[in-house]
Structures are given as C-alpha cells and as structure tokens.
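Undergrad: Everything below, folded, please.
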Amino acid sequence: MAIEDRATQVVKSFKCVAALATNHLVVVLDTAAANSVEMSAANTDVPIGVLRSTGATAGDLVDVVMFGIAKLTAGAAITRGAHLQLSGATDGKVKTLVATGYDIGTALESAASGDIFEAFINIIGIPKA
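TA: Sure thing, here's the model as predicted:
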C-alpha cells in the first residue's frame, strides 16, 4: 500500500555549513551559525531532522524533514518497528536506538546496513533514550 503525500511532513529550510552530497541523512543544528545545519559528529548530537535535498554546497538552502514519513539510510541492520538514533559515525546514517542516543523516529520497514528505508520521523520533542 502506497502512502499519498497529503502534507504529512513538517519541513523547514536551513542553510548548510558544508557540502551535503546526498539526502536521506540525519542532520544537526550548527551551533555557530543561525538557521544552519551540518552532519552529526557523534550519536550524542541532538538531531534536527532528515535531509531531503541533494547536492548542496556550503551556503545553500536545504529542506529538512522534522516530522512525518521520510527515507533514511541504515548504518546497521534495522528491524521494522525499531526506534532509531544516529549511528555514531559522521555520516548521518541511523541504527536501532540504544541508551546513549536521541530517539528520532520509528522504522516502517526492515533494512540492512546501507539500505534506504522509510521511517516515521518525530524530531519534535525528542527524549533521550
């Protein structure tokens, strides 16, 4: 069953501080520049959303999904229904939530490492696991 796009996402545009070559990755707020995002440096970084834009260079505006259904890139094997967090690498991929990460949403399908999969993203009001 396909899901129709009925304004099911909360999306905000941010400026990227460095090149972001691909979408489906989790980004974090850049603390040094207002209204800007960058790739995460660790799984303890507070995520802001999922990058929906592709091929951005430093200074470009990018769309970031903060709530709703989005596609992500798995950094490890993920089971459908698992809660998700940043993988811990600086690549914006995700893995199954553990005690040291921020819950960014729920996997809607299973995925192997490197797969692009759908998830329900709920960045707004994320509790730390």
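Undergrad: With Val65 as the reference, measure out to Ala34.
TA: Per CB to CB, to the nearest Å, Ala34 is found 20 Å from Val65. C-beta: built from backbone N, CA, C; applies to glycine.
Undergrad: nope, Lys71 is what I was after
TA: Note on Lys71: its distance to Val65, by CB to CB, is 9 Å.
Undergrad: picking up where we left off before, which residue of Ala34 and Val65 possesses the greater neighbour count?
TA: Residue environment comparison for Ala34 versus Val65 gives the larger neighbour count to Val65, 26 against 9, counting by other CB atoms under 10 Å.
Undergrad: so what's the most centrally placed residue in the chain bridging to?
TA: Averaging the C-alpha coordinates of the chain gives a centre point, and the residue nearest to it by CA atoms, centre = their mean is Val26 (2.6 Å). Partner residues in beta bridges with Val26, using DSSP bridges, are Val50.
Undergrad: now it: how far from Leu72?
TA: From Val26 over to Leu72 the distance is 7 Å, taken as CB to CB.
Undergrad: who touches both of those two?
TA: 50, 93-94 (CB atoms under 8 Å, 6 or more residues apart in numbering).
Undergrad: As a markdown table, those with pLDDT and distance to Gln9 would be great.
TA: Output for the shared contacts of Val26 and Leu72, formatted as a markdown table (pLDDT from 0 to 100; distance: CB to CB, whole Å):
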| residue | pLDDT | distance to Gln9 |
| --- | --- | --- |
| Val50 | 89 | 9 |
| Lys93 | 88 | 20 |
| Val94 | 91 | 17 |
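Undergrad: Who are the contact partners of Gly81?
TA: Counting by CB under 8 Å, 6+ apart, Gly81 makes contact with 106-107.
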